[in-house]
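Novice: Predicted model and sequence follow; I will ask about them next.
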Amino acid sequence: MTDTTLENAKSMSLIVTKGSLDWAYPPFILATTAAAMGLNVSMFFTFYGLTLLKKKLELGVTALGNPGMKMPMAGMHIGMPNVMGMIPGVDAAATGMMKNLIKKKGVASIEDLREAAIESDVKMIACQMTMDLFEYDLDDLIEGPELGGAATYIEVATQSDINLFT
């Protein structure tokens, strides 16, 4: 794609606020798909979403407060009662089940999707306030993200054709 094509391309911005395994997929899938379709894509990582930029990802899922989480088992889709999420080890088991399902179904890992986003020139912005709040350093993050604040995101969003909150 030429620079002129990129300058005239539609654009999309995403605010990424969640850092669990299940919530990491939507922003990276949308960003990489949009980039593959020729859109200029910016992702603004704030609060718990900032953890998706860490060098070492330790992503998990929880069944607690997630009534939509129904895993395919024994030919059915089985949900866990909320109380189960409070039992020690249940989150680790749910995470393991989700990771196994992802692998079994051939779904790309978050690491792979993140790398695809980088290779597709998706602009990643790490929220400076969140960095300060949670005491992260740039050394904690992968190479490439720039630092910015709410004003940085607002500037990007006002120039974008599509704005998504994930």
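Specialist: Cool, the structure landed. Computed from a prediction, not measured in an experiment: that's the story for all the values here.
Novice: where in this protein is pLDDT low?
Specialist: 1-8, 63-74, 76-87 (pLDDT under 70).
Novice: Identify the residue nearest the geometric centre of the protein.
Specialist: Nearest to the mean C-alpha position of the chain, counting by CA atoms, centre = their mean, stands Ala24 at 3.2 Å.
Novice: Just the buried positions in the host helix or strand of that residue, please.
Specialist: Following DSSP states H and E, the helix or strand that holds Ala24 is helix 21-36. Of the residues in helix 21-36, those buried under the neighbour-count criterion (16 or more other CB atoms under 10 Å) are 21-25, 27-32, 34-35. (C-beta placed from N, C-alpha, C; glycine too.)
Novice: Ok, stretch 122-142 next?
Specialist: Of the residues in stretch 122-142, those with enough neighbours to count as buried (16+ other CB under 10 Å) are Val122, Lys123, Met124, Ile125, Ala126, Cys127, Thr130, Met131, Tyr136, Asp140, Leu141, Ile142.
Novice: swap in stretch 42-59?
Specialist: Taking 16+ other CB under 10 Å as the neighbour-count basis, stretch 42-59 is seen to contain the buried residues 42-47, 49-53, 57, 59.
Novice: out of the residues you listed, who's nearest Glu111?
Specialist: Checking the buried residues of stretch 42-59 against Glu111 by CB to CB gives Leu57 as the nearest, at 6.3 Å.
Novice: So that closest one sits against Glu115, correct?
Specialist: No - here Leu57 lies out of contact with Glu115, judged by CB atoms under 8 Å, at a distance of 11.7 Å.
Novice: Which parts of this protein are helices?
Specialist: Counting by DSSP state H, the chain forms helices over residues 3-8, 21-36, 90-104, 110-119, 128-133, 150-158, given from the N-terminal end onward.
Novice: Quick one, which of those helices gets closest to Thr166.
Specialist: Of all those, the one in closest proximity to Thr166, counting by CB to CB, is helix 21-36 (4.2 Å).
Novice: For that closest one, name the packing helices and strands.
Specialist: Contact analysis of helix 21-36 by 3 or more CB pairs under 8 Å, 6 or more residues apart in numbering; DSSP states H and E lists strand 11-16, strand 40-45, helix 90-104, helix 110-119, strand 162-165 as its packing neighbours.
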